[in-house]
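**Q** Let's see this in three dimensions:
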Amino acid sequence: MKRIWITGADGHIGSALTKLLDSKDYYLCLTDLSDCDITDIDQVKQFVRINHPDVIVNCAGYTDVQECEANIDYAFKVNAIGVRNIALAANSIHAKVIQMSTDDVFGFDSDVPYNEFDDIHPKTVYGKSKAAGEKLLTQLSDRFVIIRSSWIYGIGRDFVNTVLEAAEKGETLNVPNNRYASPTSASELAKIIAYFIDNDEYGLYHVVCPGGCSRYDFAKAILEYSGKTDKLELYPVLSDNLHRPAYSVLDNMMLRLTGIEEPVDWRTALKDYLSETGGKL
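**A** The predicted structure follows:
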């Protein structure tokens with residue numbers, strides 16, 4: 001039975017992956033900050049020594065973009081040093097590392113989807129710290145997969161939840177129409193992670209639900225597919241948030257080149273998710 005350690009197991013990706021793998025033949029080691037602090041090398045090494053995972057899926061991270069700007073050292077401690085610690089511990093037992101990363105590593109102005117061969121240029125502390133984690137992993141490990149994704153939704157607080165909650169309250173919502181990315185279902189992302197767990201594939205991959213849209217179009221689709229269009233007034237606005245790239249649509253080029261099936265397109269994935277949940281919070 002393959003042993004899988006999932007850090008950040010209570011988050012969107014960790015929860016979706018746990019739900020998917022729990023029905024398969026795996027031994028799951030699930031941790032969050034209170035169980036194992038990945039910034040503490042001794043804790044990480046001890047956990048690995050005791051549990052001896054075959055694959056480590058690192059979903060842990062400091063992801064609040066504005067908080068990262070205010071706490072630079074801590075952002076790099078979690079998103080870079082934490083990855084280094086996992087890589088070093090994984091090397092000691094020849095384990096595979098699957099590292100979750102982000103579209104925020106891109107910062108150039110563009111209107112063409114980014115593929116894995118495009119140069120990165122993060123503008124934010126969050127993006128820079130995640131890019132540093134990627135770099136450390138590539139330097140320290142030869143058995144790794146780095147997965148960049150974007151606008152992940154599924155379980156817990158996220159943009160889908162925010163829109164549905166506003167609709168339930170009959171509120172109005174201002175939504176940027178000048179920020180573009182690829183809305184990605186956590187359950188679709190989990191399927192690809194499971195593939196990497198089970199197969200000898202390595203390297204850098206973009207994994208998003210294909211297609212891209214603005215936040216405003218995303219919000220409109222959420223209301224349409226949940227049957228709540230008449231319950232919420234949406235107002236398109238221009239975002240002046242300098243902490244996120246305006247355009248970060250990702251292209252799953254490496255999935256196509258290596259013959260790995262892509263997730264379903266973002267609209268289909270969103271319909272499936274809202275159908276499964278009944279459009280409820």
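**Q** Give me the phi and psi angles of the nearest residue to Met1 once chain neighbours are set aside.
**A** Nearest residue to Met1, sequence neighbours excluded (C-beta to C-beta, 6 or more residues apart in numbering): Tyr27, at 5.0 Å. All C-beta atoms are positioned from the backbone trio N, CA, C, and that covers glycine. Dihedral angles phi and psi of Tyr27 (degrees, to the nearest 10) take the values phi -100, psi 120.
**Q** can you tell me which residue is nearest the centre of this protein?
**A** Centroid-nearest residue in the chain, with C-alpha atoms, centre = their mean: Ser149, separated by 5.0 Å.
**Q** Could you check how far it is from Phe106?
**A** Note on Ser149: its distance to Phe106, by C-beta to C-beta, to the nearest Å, is 13 Å.
**Q** How about Ser185?
**A** Ser185 sits 21 Å away from Phe106, going by C-beta to C-beta.
**Q** And Phe47, by the same measure?
**A** Going from Phe47 to Phe106 by C-beta to C-beta gives 33 Å.
**Q** Could I get the phi/psi values of the residue lying farthest from the centre of the chain?
**A** Going by C-alpha atoms, centre = their mean, the residue of the chain most distant from its centre is Asp230, 31.0 Å out. Here is the backbone geometry of Asp230 (degrees, to the nearest 10): phi -80, psi 0.
**Q** got a pLDDT number for it?
**A** What the model reports for Asp230 is a pLDDT of 91.
**Q** How far off centre is stretch 63-79?
**A** In terms of C-alpha atoms, centre = their mean, to the nearest Å, the centre of stretch 63-79 is found 16 Å from the chain centre.
**Q** Spit out the contact partners of the residue nearest to the centre of the chain.
**A** Taking C-beta atoms under 8 Å, 6 or more residues apart in numbering, we find Ser149 in contact with 100-103, 182, 184, 189, 206-208, 250.
**Q** end to end, how far does stretch 50-62 reach?
**A** Using C-alpha to C-alpha, to the nearest Å, the end-to-end distance of stretch 50-62 comes to 26 Å.
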